[in-house]
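Visitor: got a structure for you, letters missing:
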Ligand SMILES: N[C@@H](CCC(=O)N[C@@H](CS)C(=O)NCC(=O)O)C(=O)O
């Protein structure tokens, strides 16, 4: 049995975040396909993933990723200098609290429901979301241009949270166009996609 058992949907931002953290820590992992909101899902708020590791049952990707890194990776993904740690934590929070909800509801899910489940594309929902998504991308690009944002130092948990959130957006037609207009963000995505932990966890839907 793998050292880490991840219960979650297979094409999922947060399942992938945990998979990447496992790869970085050199832990074997398996993903057991479990739908959010399903009776088998043990998450009290119906989300995925739920993770079993070291006899623990864990929820919430920040807690899971930090545990994997602290218990199995010498905390290598969390800067020890307080200022660098604050920057990394800030970007994790931005990814989780602002970027993910905006991208997920405004573009990623409408396209998945259309492409995978065959539902009509929710064009009005997309149109409503585009100005806010565009502003969010502009903010991220400006921050990288200003001082490197989260990209200035070592690879950290901030990279691990931001990559699947931004890559999911990039796999939608409008997201691809929006990100292509952000030179520094595009360059970071292009470099990061070659990291072994990112390659090992590619979604089947990625070209
Ligand atoms: N705060 C949770 C968020 C997890 C989350 O939003 N997962 C998404 C999939 S990527 C989900 O379960 N969506 C299904 C739903 O909201 O019904 C975490 O960090 O693990």
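Guide: Thanks, I have the structure now. These numbers were taken from a predicted model, which means no experiment stands behind them. Numbering: from 1, shown residues only.
Visitor: write out the residues of the chain neighbouring the ligand.
Guide: 12-14, 36-37, 46-48, 60-61 (C-beta under 6 Å from any ligand atom). C-beta here means a position set from N, CA and C on the backbone, and glycine is covered the same way.
Visitor: all helices for this protein, in order.
Guide: Ranges of helices in the chain, per DSSP state H, are 13-25, 61-72, 82-94, 100-103, 109-115, 123-147, 157-170, 173-180, 183-192, 196-199.
Visitor: quick one on the thing from earlier: so how do I select the buried members of the residues of the chain next to the ligand in ChimeraX?
Guide: Buried residues among the residues of the chain next to the ligand (16 or more other C-beta atoms under 10 Å), as a ChimeraX selection:
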select :12,13,14,36,47,48,60,61
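Visitor: quick one on the thing from earlier: now tabulate the helices of the chain in TSV and tack on mean pLDDT.
Guide: As requested, the helices of the chain are exported to TSV (pLDDT from 0 to 100):
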stretch	mean pLDDT
helix 13-25	98
helix 61-72	98
helix 82-94	97
helix 100-103	98
helix 109-115	96
helix 123-147	98
helix 157-170	98
helix 173-180	98
helix 183-192	98
helix 196-199	98
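Visitor: quick one: closest of those to residue 205.
Guide: Set against residue 205 and scored by C-beta to C-beta, the helices of the chain come closest in helix 109-115, at 8.2 Å.
Visitor: tell me the buried residues in the closest one?
Guide: Buried residues in helix 109-115, counted by 16+ other C-beta under 10 Å: 110-112, 114.
Visitor: other residues contacting stretch 161-172?
Guide: Stretch 161-172 is contacted from outside by 13-14, 16-17, 20, 61-62, 65, 91-92, 95-96, 99-100, 103-104, 107-108, 111, 133, 140, 150, 175-176, 178-179, 185, 189, 192-193, 198, 203, 205-206, using C-beta atoms under 8 Å, 6 or more residues apart in numbering.
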